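**Q** structure for the following, please:
(chains A and B)
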Protein chains: 2
Amino acid sequence: MNITIIGLGLIGGSLAIDLRKNKFATELIGVDSSDENAGQALKIGLVDRIENLEDAVKNADIVIIAIPVDKEVTVLPRVLDLVNSTTTVTDMSSTKRVIIESVKNHPSRKNFVPAHPMSGTENSGPNAALEGLFKGKITILCDQSDSGPQHLALIEKMFQTLGMSIAYMSADEQDHSTAFVSHLPHAAAYALANAVQSKEDRNIIFDLASGGFNSTVRLAKSSGTMWHPIFQQNRNYVVESLDVYIKHLQEFRDCLQNGEDDKLHDLIVNANKIRGILEGENPHLIKNEEKFVKLYTKKT
Amino acid sequence: MNITIIGLGLIGGSLAIDLRKNKFATELIGVDSSDENAGQALKIGLVDRIENLEDAVKNADIVIIAIPVDKEVTVLPRVLDLVNSTTTVTDMSSTKRVIIESVKNHPSRKNFVPAHPMSGTENSGPNAALEGLFKGKITILCDQSDSGPQHLALIEKMFQTLGMSIAYMSADEQDHSTAFVSHLPHAAAYALANAVQSKEDRNIIFDLASGGFNSTVRLAKSSGTMWHPIFQQNRNYVVESLDVYIKHLQEFRDCLQNGEDDKLHDLIVNANKIRGILEGENPHLIKNEEKFVKLYTKKT
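**A** Coordinates of the predicted model:
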C-alpha cells in the first residue's frame, strides 16, 4: 500500500512509524510545507521520500492529511481535485464540521473518510513522533454514509491495524463531544498557566510545581499553530463548554467562600466518580445500551 | 533513629519506605486511627509495629504527622503535650497557618518543625505508598525561627536524605503560593470532572478520553477526606486563586466568542511559556535574584 502523509508532525510522523512497522504501508511518501520538517522527517526515517503535493497524491493508494485545521480547508479540496477514483483520502483533524463543509459538493467527496484519532501529546514536529501513540485509543469516523464503502472499509482497516477502536458519529456530535473532552481541557490548561503566571514569579512556580500542577497544566504547552484554529472552527461548542466549566468553577468557589460544606463535599464526591469512569470497564462491550447503539453503531 | 509516623497513607507510607531504605530510620513505629490501614501498613512492611499514640510518641526521636489537616489541629497539640524535650515533631500538611496557630502558645512549640513536602499522587491509603515519591522535589519549611535549631537541623537532614531541596517561607507565603500551584489545580480538576459529567454520558467520556483529558482531570480522583479540609483551612487564598483563574477563563472565552484572534493568540503564546518555566534551569542556582534571596534564604 502506497501511503502519502501530508504534514509530518507529531500525528503524521507517529502514523508513519506504526504503518511502516505493521507493514500496512509498503511505501511512505511525505509532504510538508516546511522544508525543515520535511528534511528532518526524511533524516530520521519517518518517510521514504519527500515529494510535492501533486506527485505525492497521484501515486498514492491512501492520502492522510495531518496538518492544522485552518490549512486543511485549503489543502483537502486540492487533494480531492488530484485523486483518481481509487485513491482514498482521510484526515486526522480534531474538528469535523468545517472540514467536511469545505468539500461538501466536491465530485470526489466519496473518496474522503473524515477521521479523528483521539490521541496526541503536548509536543509537535517530526521529532515528537512516537511509536504506539494510537494503540488502544479510539478513532471517530464521521458521516460515514457520505464516504464510498470501499474507502470507508480501507480506513477502518488502517485504524484497526494501529490497534484502535472505531466510533461512528455525525460531524456535529463529534464536534460537540470533542469540545468537552479535548478542546475544553486545552482551554482550561491555557487559562491555568496564565492565571498562575499572573500571580507567582517563575522561580516559585518552578520550585513548587509538583506532579499535580504539571499534570493539570501540561496541555498549556500545546502549540497555538495547531490549537488556535481548532478553537476557531469549533467556536460555538468550545464557548458552550467554557460556560459550563466556568459555572462549575463558580459553584465550587461560592460553596467554599460561603462555607457550604455539605455541598462542597458533594461536589468533590461527584468529581471523584471520574476515576470509575476512566478506569472502569470498556463500555464498547455493552452493546445493548441505547446511547451506545445510537452513537456507535454504523448508520447504514 | 526511632521514627514514629502518625497516619499511614500515601504520604506517611511513602516516607516510611524511603526512611527505611536510606537507613535514616532504625525503627519505624506506626499510628493510625483506622485499624484497617494500620494492619495493612504492617502487613506490607511499611512499619515495624503499630502502637497507640502515647507510647509511639514517648519513644520516638522524630514524630511525623501525616494525616488530613482537620485531624492534625487536634492531634498536633496532643503530640506536643506528650513529647520530651529531645523529641522532634514535624508534619506534612499542605496548609500551614491554621496548623501553626493550633500550637502557637504551646510550651513545646520549639519541638515542632512545620513542613510541606510538595509531592503526592491522586491515590490514598497505605497501598498507594511509593518508593522515591519525594526524590528531586521540594519541601517548604515554615516560620523556621520559631523552631529550635537542633529540631530544625534534624528535619532538614531528614528531607535531604530523601533527596529533597528545601525552601524557607513564612506560613502565610506558603499558604498563598500553594493555593496557586497546588490547591487551585485540584479545584480546577474537580470542576472539570463535574462539568464534563454534566454534559456527556459516561460511555462517551470513557471512549473519547485520551491522554490530554486524563492528565488535566487526574487530580479530580483525589480524596475529599484529605482535600476538603485543605480548602477550608486555606479558604481565602483558594477563593482568590479561583477568582484569578475564572477571570482568565472568562477572558479566553470572550476572546473566542468575539473573534478577537490576535488577543487569543497572545493568550496561548503566554500560556506556552509554562513549558520553559517547568522545564528550564533550576532557579535555586540563581542565588543573586532578589526574590530568591527574600524567600529562600534562611531568616536568622
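
**Q** residue boundaries of the helices in the stretch 201-300 of chain A?
**A** Listed in chain order, the helices of the stretch 201-300 of chain A (DSSP state H, counting those that start in this stretch) span A:202-208, A:211-217, A:224-233, A:235-258, A:261-279, A:290-296.

**Q** equivalent analysis for the stretch 1-150 of chain A, please.
**A** Using DSSP H, counting those that start in this stretch, helices in the stretch 1-150 of chain A cover A:10-21, A:35-43, A:53-58, A:69-82, A:97-101, A:149-161.

**Q** looking at those helices, which is buried most?
**A** Sort the helices of the stretch 1-150 of chain A by mean neighbour count, taking mean count of other CB atoms under 10 Å in any protein chain shown, and helix A:10-21 sits at the top with a mean of 23. For glycine as for every other residue, the C-beta is placed from the backbone atoms N, C-alpha and C.

**Q** what does that one contact?
**A** By CB atoms under 8 Å, 6 or more residues apart in numbering or on different chains, the residues outside helix A:10-21 that reach it are A:3, A:5-6, A:8, A:25, A:28, A:30, A:41, A:46-47, A:64, A:66-67, A:92, A:117, A:120-121, A:123-126, A:128-135, A:158, A:161-162.

**Q** may I have that helix as CSV, with CA atoms only?
**A** Taking Å, rounded to 0.1, in the frame of the first residue of the first chain, the C-alpha atoms of helix A:10-21 are listed here in CSV:
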residue,chain,number,x,y,z
LEU,A,10,3.6,14.6,15.8
ILE,A,11,0.5,12.9,14.3
GLY,A,12,1.7,12.3,10.8
GLY,A,13,5.1,11.1,12.0
SER,A,14,3.6,8.8,14.6
LEU,A,15,1.3,7.3,11.9
ALA,A,16,4.3,6.8,9.7
ILE,A,17,6.2,4.9,12.3
ASP,A,18,3.3,2.5,13.1
LEU,A,19,2.1,2.0,9.5
ARG,A,20,5.6,1.0,8.4
LYS,A,21,6.1,-1.2,11.4
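
**Q** got the angle for it vs helix A:149-161?
**A** 90 degrees (axes from the mean of the first three to the mean of the last three CA atoms, to 10 degrees).

**Q** from the chain's centre, how far out does helix A:10-21 sit?
**A** 15 Å (CA atoms, centre = their mean, to the nearest Å).

**Q** let me know the average pLDDT across it.
**A** For helix A:10-21, the mean pLDDT works out to 97.

**Q** let me know the angle separating that helix from helix A:224-233.
**A** With the same axes, to 10 degrees defining the directions, helix A:10-21 sits at 110 degrees from helix A:224-233.

**Q** picking up where we left off before, just the contacts of helix A:10-21 that are near chain B?
**A** A:120-121 (CB under 8 Å from any CB of the partner chain).

**Q** selection in ChimeraX covering whichever of the contacts of helix A:10-21 are buried, please.
**A** With 16 or more other CB atoms under 10 Å in any protein chain shown as the criterion, this ChimeraX line picks the buried residues out of the contacts of helix A:10-21:
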select /A:3,5,6,8,25,28,30,41,46,47,64,66,67,92,117,120,121,124,125,126,128,129,133,134,158,161,162
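
**Q** any idea how far the residue most central in space within chain A is from chain B?
**A** Closest residue to the average C-alpha location of chain A: residue A:94 at 4.1 Å, with CA atoms, centre = their mean. Noted for residue A:94: a distance of 10 Å to chain B, by CB to the nearest CB, to the nearest Å.

**Q** brilliant, that's me finished.
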